[in-house]
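# quick one, fold the following:
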Amino acid sequence: MADSNDVIEALEAREERRVRRRDLFRGFTAASTAAGGFVLANQAGPVAAQAVSDADILNFALNLEYLEAQFYVQAVTGAGLAENLLGGTGNRGQATGGRRVNFTDNAVAQYAREIAADERAHVAFLRGALGSAAVAQPTIDIGTAPNGAFSSAARAAGLIGPGQSFDPYASDENFLLAAYIFEDVGVTAYKGASPLISNKTFLEAAAGILAVEGYHASLVRTTLYAKGLQTPSLIDASEAISNARDSLDGSTDLDQGLAPSRQSGGVASNIAPLDQNGIAFSRSAGQVLNIVYLNNMAVTGGGFFPNGVNGTLRMSAAN
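Now for the predicted structure:
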C-alpha cells in the first residue's frame, strides 16, 4: 500500500500541473495565431459530435501519419516521402522545413531510422487500405521559422523566448523533444478512435498501429528520461510540453511528462502515462486537432497543418 506522504505528493504534483496548464493557456492562443490558425465563426460543433465512417477515421489517421512520417524521414535522410505516397483526394500540399539531423548518439540515430521506416510503412498501409478514398497529404509545417509550428509550440511551453526559433534538427535532444510532441498524441489518437471503428479488419489494423505507436512513444520517453538523469532540463522540458498539450485539449488533466514520483518507498520513472487503473488515456479527433493545430478553439487549420487536414474530420474541439 502506498505511503500517505506519497499520495499527498502525487496530489500536490497534479494540482501544480493544473496551475501550470492554466498559465500556459494564453501563451498557446497567441502562438497559434502566429502559426496561422483561424476560427470558423458559424460551425455547428466539434468533429467529435459527427457520425463518421471507418474510412473517415482511417483518413484522419493517415493525416497524422503523413506528419510523423515526413518529420522522421526528413530527420533521417534529409528528404521527404516519395511522390507515390502523397496523392489522393482533397488539397495536395507540401511538407516544408525539414532537414537531416547530424546525430551524435548512435543509439538515437538507430531509433530514428527504425521509427522513420515504421511511419513510412504506416502511410503506405493506410493508403492501401483506403484505396481511391485515401486523402492526399495536406500542407505540413515541420520547419524551424520563429513563427512556425515547432517554434510556436516550444515558445508556448516556455522553452524559448519571443522571436526565437526551436530547431528540432539541431541536436539529438531537440529531435527527441520534437518526437515527444508527436508520439504521445499519436497513441491517444488511435486509442480514442478505436471504439468508433466497426469493421473488425480495420480495427485489428488500427490496434496494430496503436501498439507500434506505443512502442515508439515509450522508446522516446525512455531515452529522454535516461538523458534527463544527467541533464534535468530535458525532464523539465517534457513537463512543460505536457502542460502545454493539456492547455489545449480540454479541462481534464490527462497528459503527463517524465517527472519521477515516489512509488513503493523509492523513486519511480514515469515512462508510461497512465490513469489510476494503469490504462492509457484517449483523445477525441477534435482534441488531437487542438494539439496539432496549436489552438484550443474550434478551428480548421493552423500549427503543423496550416491549411488543415484533409477529409471529413478536420475541425478541432472548442475547449
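
# quick one: terminal-to-terminal distance for stretch 142-150?
The straight-line separation of the ends of stretch 142-150 (CA to CA, to the nearest Å) is 7 Å.

# quick one: mean pLDDT for it?
The pLDDT scores in stretch 142-150 average 97.

# check stretch 220-233 too.
For stretch 220-233, the mean pLDDT works out to 97.

# buried set for that stretch?
Residues 220-221, 223-225, 227-228 are the ones in stretch 220-233 that count as buried (16 or more other CB atoms under 10 Å). For the C-beta atoms, the positions are set from N, CA and C on the backbone; glycine is no exception.

# please identify which of those residues is nearest to Gln256.
Arg221 (9.7 Å; CB to CB).

# and for that closest one, nearest residue in space, chain neighbours not counted?
Among residues not flanking Arg221 along the chain, Ile271 sits closest, at 5.0 Å (CB to CB, 6 or more residues apart in numbering).

# number of residues surrounding the one you found?
For Ile271, the count of nearby residues is 17 (other CB atoms under 10 Å).

# for it, give me phi and psi.
Main-chain dihedrals, Ile271, degrees, to the nearest 10: phi -70, psi -40.

# how near is it to His122?
Applying CB to CB, to the nearest Å, the value for Ile271 to His122 is 22 Å.

# same thing with Ala280?
Between Ala280 and His122 the distance is 19 Å, computed by CB to CB.

# one more: Arg283?
Using CB to CB, Arg283 is found at 18 Å from His122.

# for Glu173, same thing?
Using CB to CB, we find Glu173 at a distance of 25 Å from His122.

# who's more crowded, the two?
In this view Glu173 and His122 are compared by other CB under 10 Å, and His122 has more residues nearby, 23 against 20.

# let me know the helix or strand that that one is in.
Using DSSP states H and E, His122 falls within helix 106-130.

# so what does the helix or strand following that helix touch, helix or strand wise?
Using DSSP H and E, the helix or strand that directly follows helix 106-130 along the chain is strand 140-141. For strand 140-141, the elements it packs on are helix 54-77, strand 95-96, judged by 3 or more CB pairs under 8 Å, 6 or more residues apart in numbering; DSSP states H and E.

# buried deepest among those, which one?
Comparing these by mean neighbour count (mean count of other CB atoms under 10 Å), helix 54-77 comes out on top with a mean of 24.

# what angle separates that helix from helix 106-130?
Angle of helix 54-77 versus helix 106-130, following axes from the mean of the first three to the mean of the last three CA atoms, to 10 degrees, is 150 degrees.

# so which elements touch helix 54-77?
Applying 3+ CB pairs under 8 Å, 6+ apart, one finds that helix 54-77 contacts strand 95-96, helix 106-130, strand 140-141, helix 172-193, helix 200-230, helix 285-292.

# can we see that at 6 Å?
If contacts are counted by 3 or more CB pairs under 6 Å, 6 or more residues apart in numbering; DSSP states H and E, helix 54-77 sits against helix 106-130, helix 172-193.

# please name the nearest non-neighbouring residue to the residue most central in space within the chain.
Note on the chain: the residue nearest the mean C-alpha position is Phe182, at 2.8 Å, using CA atoms, centre = their mean. Closest residue in space to Phe182, ignoring its immediate chain neighbours: Glu68 at 5.3 Å, by CB to CB, 6+ apart.
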